[in-house]
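Colleague: This is a predicted model, with the sequence first.
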Amino acid sequence: MQEAFSDETLMNFALGVPLQRIKWPKLEALGIEVIVRRDDLVHTRLSGNKFYKLFYNLQKAVGKTLLSFGGAYSNHIHALAAAGNEYGFNTVGIIRGERPKQLSPTLVDALAWGMRLHFVSRKVYQQKESIAFINQLYDQFGDIYIVPEGGANLLGVKGCQAIVKATESRESFDAICLACGTGSTLAGVASALNPDKKAYGISVLKGYDCLSDDVASFMRRVLISQGREDFVAEKLKLKHKGTEEGCVGIGKQSSPEYQNWEVVSRFHGGGYAKLSDELLTFINRFESHASFVIEPVYTAKLFWAIETMACEGLWSRGTRLVAVHSGGLQGRRGFTMKQLSV
C-alpha cells in the first residue's frame with residue numbers, strides 16, 4: 001500500500017497532466033499566452049488539487065479510517081470518498097447541517113463509494129476543531145485519521161508542491177495562477193516555485209482578509225518541516241504590506257504582496273459558491289471558445305480574474321501564464337439547469 005503513495009508515484013501523476021494551450025481571443029489580442037494545467041484530469045476519480053492534498057495524508061493514514069468534514073457539495077468530501085473506495089480505506093464524512101430528505105449528488109456518490117455520513121448541526125460543526133469534539137469523534141468512530149476540512153494541513157501543502165515542480169520541468173512560464181479557498185494549494189505552489197516566477201492566488205471568499213496570513217503560515221511551516229529554513233526569509237519577503245498591518249478580518253483594504261506570490265481578493269463574485277449574473281455571462285462566453293468546462297465556485301473565478309487583470313495591463317505582451325484547472329466539476333451539479341448546462 002505504501003508504494004501507492006510514494007514520491008515517485010505522485011510525480012508521475014503530476015507529470016502526466018496535460019498542459020493545454022487554449023483559444024482565448026481577448027488575451028491573444030494582448031499578446032499573452034495561457035497554458036492550462038488540466039489537473040481536473042490528474043486522476044480518473046480524484047479531481048484536481050484535492051488529489052494532491054490527499055496524497056500524503058493517505059500515505060500516513062494506511063490502516064486507519066479516514067475522517068473529514070465538509071458541506072453537501074464539498075469537493076473534498078467527494079474526493080475523500082473516492083479515495084477510500086479506490087485504495088481500500090473506510091471513510092467517514094462529518095457533514096455540515098441536518099440530514100436532508102434528499103441527498104445532494106455529491107453525497108449520493110460518497111454514500112455509493114462506502115462513506116459513512118454523519119450529519120451535525122451548523123452550531124456543532126463550528127466546534128469541529130475543538131479538543132472535546134475531536135475526542136468524541138475518536139470515541140464514536142475508533143481508530144481514525146482526521147484530515148482537516150479541504151485537506152488543509154502540512155501534508156496537503158507538501159502534495160501541492162508537485163503541481164509546480166512538474167510544470168517547471170516541462171514548460172517555461174512567467175507566472176502561475178490558481179483559485180484559493182483555504183490557501184493550502186497556493187502555499188504548496190508558491191513554496192516550490194522558482195523565485196523568478198510569481199504565483200497569483202485568486203480568493204473565492206468574500207470578507208475573509210486573513211488568507212495571505214494563512215498562506216504565509218503554511219509556507220513557513222512546510223519549509224521548516226522540509227529543512228529549508230534558509231528559504232523562509234526569501235519566500236516571505238514582502239513587496240508591500242497592504243493598507244493595514246496584520247490580519248484584521250472584514251474591512252481590510254488590501255492584502256500584503258510578497259515578492260513572488262500574492263492573494264487577489266476582488267474576484268469572489270459575491271461570495272463562496274455565489275453565481276452572479278456577471279460571472280455566469282463570463283462562464284458562457286469562456287466555454288464557447290475553450291475546449292473544456294469550468295465551475296462557478298473556483299475555476300470560473302480564476303479565469304475571470306486572469307482575463308480582467310490581463311485587460312487591466314498587469315502583464316506585458318509576450319507574458320506566458322499557467323492557469324491551474326483545479327477540477328471540482330462535480331460541484332456544477334449544485335447549480336440549476338437554468339444557471340449552467342450540467
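Modeller: Looks like it came in fine.

Colleague: only C-alpha atoms for contact and neighbour calcs from this point on.
Modeller: OK.

Colleague: And the closest residue to residue 328 other than its chain neighbours, its phi and psi?
Modeller: Using Cα to Cα, 6 or more residues apart in numbering and skipping residues adjacent in sequence, the residue nearest residue 328 is residue 75, 5.7 Å away. Main-chain dihedrals, residue 75, degrees, to the nearest 10: phi -60, psi -40.

Colleague: And residue 206, by the same measure?
Modeller: Here residue 206 shows phi and psi, under degrees, to the nearest 10, equal to phi -110, psi 130.

Colleague: Assign a three-state SS to the residue nearest to it when sequence neighbours are not counted, would you?
Modeller: Among residues not flanking residue 206 along the chain, residue 271 sits closest, at 4.6 Å (Cα to Cα, 6+ apart). Following DSSP: H, G, I helix; E, B strand; the rest coil, the label given to residue 271 is coil.

Colleague: Can you get me a residue count around residue 271?
Modeller: Residues near residue 271, counting by other Cα atoms under 10 Å, number 16.

Colleague: sorry, back to before: how about the contacts made by the residue nearest to residue 328?
Modeller: 50, 106, 328, 330-331 (Cα atoms under 8 Å, 6 or more residues apart in numbering).

Colleague: distance of it from residue 105?
Modeller: 11 Å (Cα to Cα, to the nearest Å).

Colleague: Extract the C-alpha set from the helix or strand harbouring residue 178 and format it as PDB.
Modeller: Secondary structure assigned from DSSP states H and E places residue 178 in strand 175-180. The C-alpha trace of strand 175-180 is given here as PDB (Å, rounded to 0.1, in the frame of the first residue of the first chain):
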ATOM      1  CA  ALA A 175       3.500  33.300 -13.700                       C
ATOM      2  CA  ILE A 176       1.100  30.700 -12.400                       C
ATOM      3  CA  CYS A 177      -2.500  31.400 -11.400                       C
ATOM      4  CA  LEU A 178      -4.900  29.300  -9.300                       C
ATOM      5  CA  ALA A 179      -8.100  29.600  -7.300                       C
ATOM      6  CA  CYS A 180      -7.800  29.800  -3.400                       C
END
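
Colleague: in what helix or strand does residue 12 lie?
Modeller: Using DSSP H and E, residue 12 maps to helix 7-15.

Colleague: How far away from the center of its chain is that helix?
Modeller: Distance of helix 7-15 from the chain centroid (Cα atoms, centre = their mean, to the nearest Å) equals 18 Å.

Colleague: So which other helices or strands are in contact with that helix?
Modeller: helix 154-168 (3 or more Cα pairs under 8 Å, 6 or more residues apart in numbering; DSSP states H and E).

Colleague: any idea how the chain splits into domains?
Modeller: For the chain, the structural domains run 2-44+152-334, 65-142, going by automatic domain parsing.

Colleague: so how far is the first residue of the shortest one from its last?
Modeller: Using Cα to Cα, the span of domain 65-142 from its first residue to its last is 8 Å.
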